[in-house]
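Novice: coords please:
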Amino acid sequence: MTTPTPFRVARVRPLDGPAAAGHGNAAEPAAPQSAAPAVPHNPAPAAAVGASSEQFFVVNSAADFGSDDGRVWEIVDTPFPASPANQNSPQRGRWTVGGTVDQSEFTFLAPCAPANVFGMAHNTGAPGRALPPQAFHKAATSVIGPGEAIVLSPTVGYVDPEAELTVVVGRSSRNLTLGNAREAVLGFTIGNDVSARDLQKSDELWISAKSQDTFTPLGPWIVVNLDDADAAISIVHNNTALAAASTKDLGWSVDEILVYLSSFMTLHPGDVILTGFPAECRQIQPGDTVVCRITGIGELTNPVRSLVAE
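Specialist: Reported below is the predicted structural model:
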């Protein structure tokens, strides 16, 4: 059987539109895929998509993300036709389905606008299988995109980043089985499950620890047909590479997680599931930069800053 070729899907915002006016420089070239391609910092916040904020979905099938071909994207219809939050903006000028745009002409947003964001508790390694699978919910309002700042309040305490293989649901699904679970998956992106450890100890439901604004960076794109069986996961903290692990080290697999979640609720197009973090992390503080890496997807980079009272 021929293995399907991976390709990328991204949600982007044009730099020449009214929502992008004055937002700074365009994206810089990405590094080759083998070097875990990075996406430059977005020049302005892009998590919320409102009536005045443009968004379009684009695809790229180049194997080398950093090549010339890897920088030219085709505008496509939304891969989430049933999701109102994930619709293309009205077409205009060169921003029409079937047209092509260079990576310098847009900024990357979080790759989808999820209705539900899930994480998996105690799925950091084989010992996790000694416990039943357990999910937690993160607020969709905690989602930010590549280059946007993780914002820490002065009282938040100890905060860790967690680089996680993140499932992007492609169709409505309920009561999946191990035999058909992959039919629900559009592809995979990188998620950073930012976690306030002190609050996690005092909040049994983890809401205050996991759902603060900016605590779920996602991106830079979705890779469709990714071989996720043994993908390296790691964090680079302030240019220091921390110890890596692999998706094969997770206690519960992607298929098992999908079966578990869909056994009691419907998964919807655009929902995301952060599957767990088996590698090394380090406390983050304002002024830091955290890079989450997953082989075959690339890099998700976010600065860290302090909350400034308005």
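Novice: contacting residues for the nearest residue to residue 85 once chain neighbours are set aside?
Specialist: Spatial nearest neighbour of residue 85, excluding adjacent residues (C-beta to C-beta, 6 or more residues apart in numbering): residue 113 at 3.9 Å. Every residue, glycine included, has its C-beta placed from N, CA and C. Counting by C-beta atoms under 8 Å, 6 or more residues apart in numbering, residue 113 touches 11, 49, 83, 85-86, 140, 143, 270.
Novice: swap in residue 218?
Specialist: Residue 218 sits next to 110-112, 143-145, 166, 189-192, 272, 300 when contact means C-beta under 8 Å, 6+ apart.
Novice: cool, and residue 6?
Specialist: 63, 223-227, 296.
Novice: any idea how far the closest residue to it other than its chain neighbours lies from residue 186?
Specialist: Spatially, and ignoring its direct neighbours in sequence, residue 6 is nearest to residue 225 (4.5 Å; C-beta to C-beta, 6+ apart). For residue 225, the distance to residue 186 equals 10 Å [C-beta to C-beta, to the nearest Å].
Novice: cool, residue 65 as well?
Specialist: 19 Å.
Novice: Looking at the two, which one has more neighbours?
Specialist: residue 65 (27 against 20; other C-beta atoms under 10 Å).
Novice: per-residue confidence for the more buried one?
Specialist: With respect to pLDDT, residue 65 scores 95.
Novice: what does residue 298 give?
Specialist: 98.
Novice: Then residue 189?
Specialist: For residue 189, the model assigns a pLDDT of 98.
Novice: before we move on, the earlier item: I figured the residue nearest to residue 6 hits residue 2, correct?
Specialist: No. Assessed by C-beta atoms under 8 Å, residue 225 is found out of contact with residue 2, at 11.0 Å.
Novice: Who has more neighbours out of these two?
Specialist: residue 225 (14 against 4).
Novice: show me what contacts that one?
Specialist: So residue 225 contacts 3-7, 187 (C-beta under 8 Å, 6+ apart).
Novice: Which member of these is positioned nearest residue 308?
Specialist: residue 187 (35.8 Å; C-beta to C-beta).
Novice: sec struct for the closest one, please.
Specialist: Taking DSSP: H, G, I helix; E, B strand; the rest coil as the rule, one finds residue 187 in the strand state.
Novice: which residues does it bridge with?
Specialist: residue 168 (DSSP bridges).
Novice: What's the separation between residue 127 and residue 231?
Specialist: Here residue 127 is placed at a distance of 21 Å from residue 231 (C-beta to C-beta).
Novice: neighbour count winner among these two?
Specialist: Each of residue 127 and residue 231 has its neighbours counted (other C-beta under 10 Å); residue 231 has more, 18 against 9.
Novice: What residues sit buried inside stretch 230-241?
Specialist: 231, 233-237 (16 or more other C-beta atoms under 10 Å).
Novice: and these as TSV, adding distance to residue 203?
Specialist: TSV is the format used below for those (distance: C-beta to C-beta, whole Å):
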residue	distance to residue 203
231	31
233	26
234	28
235	24
236	29
237	25
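Novice: Just name the closest of the residues you listed to residue 262, please.
Specialist: residue 231 (22.9 Å).
Novice: re the thing from before, just the buried ones from the contacts of residue 6?
Specialist: Buried among these (16+ other C-beta under 10 Å): 223-224, 226, 296.
Novice: Same list as before, those residues that is, but in a markdown table and with distance to residue 281 and secondary structure included.
Specialist: Shown next, in a markdown table, are these (distance: C-beta to C-beta, whole Å; DSSP: H, G, I helix; E, B strand; the rest coil):
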| residue | distance to residue 281 | secondary structure |
| --- | --- | --- |
| 223 | 23 | strand |
| 224 | 28 | strand |
| 226 | 23 | coil |
| 296 | 21 | coil |
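Novice: Report the two of these separated the most.
Specialist: 224 and 296 (11.2 Å).
Novice: hmm, back to that, which pLDDT value belongs to the residue nearest to residue 85?
Specialist: At residue 113, pLDDT is 98.
Novice: repeat for the one 4 residues further on
Specialist: As predicted, residue 117 sits at a pLDDT of 98.
Novice: list the contacts for the nearest residue in space to it that is not next to it in sequence?
Specialist: Excluding the flanking residues, the one nearest residue 117 by C-beta to C-beta, 6+ apart is residue 138, at 4.1 Å. Residue 138 makes contacts with 117-119, 193, 210-211, 215-216, 274, as judged by C-beta under 8 Å, 6+ apart.
Novice: Quick check: the gap between the residue nearest the centre of the chain and residue 147.
Specialist: Centroid check for the chain by C-alpha atoms, centre = their mean gives residue 218 as the closest residue, at 2.4 Å. Distance from residue 218 to residue 147, counting by C-beta to C-beta: 12 Å.
Novice: If you count neighbours, what's buried in stretch 302-310?
Specialist: Per 16+ other C-beta under 10 Å, stretch 302-310 contains these buried residues: 302-304, 307.
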